[in-house]
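Enquirer: quick one, fold the following:
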Amino acid sequence: MDATFLLLLACGLALFGYVLGRQRAAAFTARAPSWRAVHSRPGFHGSFVALAVAIPALLLLGIWAAVGRPGPSAVGAAIVLLAGLAGGALALRRLEPSFRARTWVERATMLVLLAASVLAIVTTVGIVLSLIVESIRFFERVPVTEFLFGTRWSPQTAIRADQVGSSGAFGAVPLFWGTIFIGAIIAMAVAVPLGLLSAIYLSQYASGIARRILKPVLEVLAGVPTVVYGYFAALTVAPAVRQLGLSLGIEDASAESALAAGLVMGIMIIPFVSSMADDAINAVPQAMRDGSLAMGATSSETVRLVIIPAALPGIVGGILLAVSRAIGETMIVVMAAGLAANLTLNPFKSVTTVTAQIVQLLTGDQEFDSAKTLSAFALGLVLFLITLVLNIWALRIVKRYREAYE
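Expert: Just a heads-up that it's a prediction; the model follows:
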């Protein structure tokens, strides 16, 4: 029997139990001499019955899934359903005016929230441990100094022991530079001024109607899938950038370039920067604006000399978060920047990033315990540490900014 069907059936029984519990509680609530005679509202009684039905059934389904079975048998399905029905029946028998259903429901809700938090933490710890363990295996074969400071990246190794192949070169500096060049330099050179200026206009100069129209339109960019940005970069921006390079006399301008990927990535990040800057500007106390205008400053002088300096920590925090978002982008880089690990300052040449190389390393025919495959985990660990540091730094700046004006 399909486990999905049983899950839906258990949810349906829980909903039915909620209705029964609520109706029963509503009946004795109506007969109570006063509202003080009933401890909990009917909705809490219904929720108590629903939890009593759902928890045993879902636990048994979870145990069945944990042991790796494809789906419960007819006997197993009957046990799951009987457990849910038995829990619901026991819960219905406990319902009475003095029963503390609200306390039970609140405790169960707290336990569910706690379990969700623990699951998120355990998942994060598992990801980090998997990166660390596989990275240690990689560094047993390749020195850390070669990986962190080497300037040649060519991870091609022999697939089989009897095959003649390259021993590989795992100097990741070109990958780190490509990530910084595209995500932190070119993309931010596009996103920061455009996002900041749009935030200033929307928060200080735009009318109410213009803000209600333009802000949602701007934030639509954040909902566009990255693969769409990748197609736009590969089919439209990249050829235009190559023609620009050729017109400037750069004969080796590539059809896949860092500039093309960085421009489109910057456009993708604009809503992020604009939203964070808009929140920071709107959080500046109105008294500071009024005081500046009362002293005879113009609106532009107030923005430049009062509002922006006051909101600068929040703006910087948003920019750092945007940088961490940009350096983790994959699709745009794969489709528009290429996969060549070049250590160059020429934005018209093809470069690659850490994320693009991780995609390439984990696809194709390769032994999982080879140095080529294990290098993807080492790259992922470095990228994780970089984004972690950026996020912590940004959150500390934003927290300090909020404390100053709360």
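Enquirer: for the rest of this, base every contact and every neighbour count on C-alpha atoms.
Expert: OK.
Enquirer: list the contacts of Leu321.
Expert: 390-391, 394 (Cα atoms under 8 Å, 6 or more residues apart in numbering).
Enquirer: Glu251 in helix, strand or coil?
Expert: Assigned with DSSP: H, G, I helix; E, B strand; the rest coil, Glu251 falls in the coil class.
Enquirer: just Thr363 next, same as before
Expert: coil.
Enquirer: from here on, count from 44
Expert: Right, with 44 as the first residue, what we last looked at is Thr406.
Enquirer: what's the pLDDT at it?
Expert: pLDDT for Thr406: 76.
Enquirer: what is the neighbour count of it?
Expert: The number of residues packed around Thr406, counting by other Cα atoms under 10 Å, is 9.
Enquirer: so how far is Val176 from it?
Expert: Note on Thr406: its distance to Val176, by Cα to Cα, to the nearest Å, is 20 Å.
Enquirer: over to Thr416?
Expert: 13 Å.
Enquirer: how about the closest residue in space to Ile370 that isn't next to it in sequence, secondary structure?
Expert: Leaving aside its sequence neighbours, Ile370 sits nearest to Gly226 (Cα to Cα, 6 or more residues apart in numbering; 4.8 Å). With three-state DSSP as the basis, the three-state label of Gly226 is helix.
Enquirer: wait, what's in contact with Gly226?
Expert: 305, 308-309, 366, 369-370 are the contacts of Gly226 under Cα under 8 Å, 6+ apart.
Enquirer: so which of these are in strands?
Expert: Among the contacts of Gly226, no residue falls in strands (DSSP state E).
Enquirer: let's have the residues you listed in JSON lines, adding neighbour count.
Expert: Shown next, in JSON lines, are the contacts of Gly226 (neighbours: other Cα atoms under 10 Å):
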{"residue": "Gly305", "neighbour count": "30"}
{"residue": "Met308", "neighbour count": "29"}
{"residue": "Gly309", "neighbour count": "27"}
{"residue": "Val366", "neighbour count": "24"}
{"residue": "Ala369", "neighbour count": "23"}
{"residue": "Ile370", "neighbour count": "25"}
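Enquirer: let me have those residues in CSV, extended by distance to Pro186 and pLDDT.
Expert: As requested, the contacts of Gly226 are exported to CSV (distance: Cα to Cα, whole Å; pLDDT from 0 to 100):
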residue, distance to Pro186, pLDDT
Gly305, 32, 91
Met308, 33, 91
Gly309, 35, 90
Val366, 29, 86
Ala369, 29, 85
Ile370, 25, 84
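Enquirer: reformat those as TSV; add distance to Asp412.
Expert: Listed next are the contacts of Gly226 as TSV, based on distance: Cα to Cα, whole Å:
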residue	distance to Asp412
Gly305	34
Met308	34
Gly309	37
Val366	32
Ala369	30
Ile370	27
